[in-house]
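> My questions are about this predicted structure, shown below with the sequence.
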Amino acid sequence: VSTGYYEDYRKYADLVNGRNPSFMRDLLSLKSTSKKISITKVESIKKIFHRFDTAGMSLGALSPEAHEALAIAMNTLGGRSNSGEGGEDKKRFNTSKNSKIKQVASGRFGVTPHYLVNAEVIQIKIAQGAKPGEGGQLPGDKVNEMIAELRFSVPGVTLISPPPHHDIYSIEDLAQLIFDLKQVNSKALISVKLVSQAGVGTIAAGVAKAYADLITISGYDGGTGASPLTSVKYAGSPWELGISEAHQTLMMNNLRHKVRLQTDGGLKTGLDIVKGAMLGAESFGFGTSVMVALGCKYLRICHLNNCATGVATQNKILRLNHFSGSPDRVANYFKFVAQDVREILAELGFSSLSEIIGRTDLLKQVKGNTDKHKKLNLKKLLISVKNGSSKYCTTKSNKPFDQAILAKKILKDALPLIKKKEKAILSYKIKNFNRSIGANISGAIARLYGNYGLKSKPITLKLEGTAGQSLGVWNASGLNITLTGDANDYVGKGMAGGKIIIKVPKILKELARKMIIIGNTCIYGATGGKLFAEGIAGERFGVRNSGCMAIIEGSGDHTCEYMTGGSIIVLGKTGNNFGAGMTGGLSFVYDEDNAFAKKINTESVEIAKLSEAMFIEHQKYLLKSLKEYYKDTGSYIAKSIILNFKEEINKFVIIKPRASDFKSLLVILTKAA
């Protein structure tokens, strides 16, 4: 890649292709055909580039220079770079440094409406080539001020990537997240990243039925600059098994034409691409190979923040003095791989990659050179499903059946006002099948003004009834939602700004604190804004909250899990495991019966009585917040606490992460407010 000579690439490719069998694909060879064609009749390398992506490697795991080099290279070629789950600096949006694939990893680090509307593809990371919860882990040494800002955290604190079960319990929950993303950015394709394992075909069929547009099957060769060695061992199976199973299952269920199927994990040469296509892939992700093109020497010390080549470190000296990579080197690599593919296609007699997708009849098993190789039977990889449907995606977009009629009507009413920057109140009745209300408005606001640009001229939605899932998902500043009634799961998930108020009708005010008013996993991954709910929230409230201020009157288990910022005030009882994995932010709990101490996760957080003298400023913050909450909801319990604050303060406890101190956290909160 340094010389730019194809002859040098050929030496490399011959070494790789001629190695002793090391991967499953090495035991498959191409059947020779007698219909060679001229390479001039084969599709151009530019068309092949559209099938190439870089794998999800986050800024934080990689240095800014390496991350941006990948984006520039892919944008130049017409492929796509993947942001990874670490967010992306808004300065890169609408430039040659923009990553066209934005990863949300179920909505974790730095996912805002502005981030989402600047994507061509939004990728949900359900699984990865490293163990869940570890592959995206970022050691504290790598979390400098810039990385902390992008991830809405604080410098020096290790950031854990929670497993996907925090907001995806079932295929229906995944379908809801896909729907949310299609509402906030209707132009983007939605991708789901799975890991190769037995049964992944069944999962892929479910994902297709959940209206995803792309499915990535990642092999066990995963985990980049954040993963400890223990995370990348024994995680998943070869992509060859997963891609063939997914392709065959999608074919058998007449779903293959609806989704693009991608593989990634250790792809190196044009021969890997051709074999992958024959097993069913139509798109290809590259990780390790592009890292090497940027100068990586495979030292496996990425997680230590002392990468000698400046590729996987945030150390300025190493980045400035040792990073030698460039977009040109990455571009050279992809040009060579694409040319390699063209030569193989010409040799086989095909003019495009599309013609060989799913053509397992063009592969045959070779014996290998060990007894174990010879005992393997790969016939099931090479089954050809014949049902008359297409072997690759022919659908522009896998559209959900839900036409989102109310959401479209609200957007039609609101869009002229947003464009003119006119404040307005719009009133609607809502029912539990009206999902993701507000998402398309937030997307429209973010496209025009970013996350916070419409803050002073908000649109207010005045709703009455029962809201379906994901009310106010990815809420932007400039949109306020007031609901009289109740709401399902995911209220305010990923919200960046604005205010969501959910209150009970006047007739139920006295009973409010005994009633569940919102469902599970609310304000998951929120980065800002305020949520006031006059009643009890379900389980996993505030998971990965990194900036939202919320007040509720009770909660289920796992409140504040993996929280990195913001504040949560609970005016009632909570469930168990409060604050597990919490690394930032503050929580206040009204502990009437003095039982809360048994409910916290003592490994992650510690508590203190709010009445202590050192917490005078924290008490003022609480009182101010409660007054705002009472004004917006008319809550009986809030009114009672405010009127008797000097006595009631004795019943409050304050909770913080063990890694932080109370004073600095309050400074961060008041700045955010």
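That came in fine, so what should we check first?

> From now on I want contacts and neighbour counts done on CA atoms only, so please keep to that.
Fine.

> didn't Y428 look like it was pressed against G465?
No: Y428 lies out of contact with G465 (C-alpha atoms under 8 Å); the separation is 9.0 Å.

> Name the nearest residue to S44, sequence neighbours excluded.
Nearest non-adjacent residue to S44, counting by C-alpha to C-alpha, 6 or more residues apart in numbering: R342, 7.8 Å away.

> contacting residues around L406?
For L406, the contact set (C-alpha atoms under 8 Å, 6 or more residues apart in numbering) comprises N434, I437.

> what residue ranges in the stretch 551-673 of the chain score low on pLDDT?
Along the stretch 551-673 of the chain, segments meeting pLDDT under 70 span 671-673.

> Identify the residue nearest G266 in space, chain neighbours excluded?
Distances taken as C-alpha to C-alpha, 6+ apart put D221 closest to G266, at 5.9 Å, once the chain neighbours are dropped.

> Check whether that neighbour really touches E240, as I assumed.
No: with contact defined as C-alpha under 8 Å, D221 does not reach E240; the gap is 11.8 Å.

> Tell me the spacing between the residue nearest to G266 and P238.
Distance from D221 to P238, counting by C-alpha to C-alpha, to the nearest Å: 8 Å.

> Same check on L448?
In this view, L448 and P238 are 44 Å apart by C-alpha to C-alpha.

> Can you pick out the residue with more neighbours from those two?
A direct count of neighbours by other C-alpha atoms under 10 Å for L448 and P238 places P238 higher, at 23 against 13.

> tell me the contacts of that one?
So P238 contacts F23, M24, S196, Q197, G219, Y220, D221 (C-alpha under 8 Å, 6+ apart).

> and if we set it to 10 Å?
By C-alpha atoms under 10 Å, 6 or more residues apart in numbering, the contact list for P238 reads 23-25, 129, 195-197, 217-221, 264-266.

> buried ones in the worst-scoring helix or strand of the chain on mean pLDDT?
Least confident helix or strand of the chain, by mean pLDDT, DSSP states H and E, is helix 229-232 with a mean of 69. Neighbour counts over helix 229-232 (16 or more other C-alpha atoms under 10 Å) mark S231, V232 as buried.

> Likewise for stretch 529-541?
Of the residues in stretch 529-541, 529-541 count as buried by neighbour count, 16+ other C-alpha under 10 Å.

> what's the answer for stretch 198-207, then?
V200, G201, A204, A205, G206, V207.

> so of these, which ones are in helices?
With DSSP state H as the criterion, helices contain V200, G201, A204, A205, G206, V207 from among the buried residues of stretch 198-207.

> List just the nearest of these to L348.
G201 (28.8 Å; C-alpha to C-alpha).

> any idea whether the closest residue to the closest one other than its chain neighbours is helix, strand or coil?
Distance criterion C-alpha to C-alpha, 6+ apart; nearest residue to G201, sequence neighbours excluded, is A246 at 3.8 Å. Following DSSP: H, G, I helix; E, B strand; the rest coil, the label given to A246 is helix.

> what number of residues lie near A246?
Number of residues near A246 (other C-alpha under 10 Å) recorded here: 27.

> so what's it up against?
The neighbourhood of A246, defined by C-alpha under 10 Å, 6+ apart, consists of 196, 199-205, 215-217, 252, 256, 261, 279-281.
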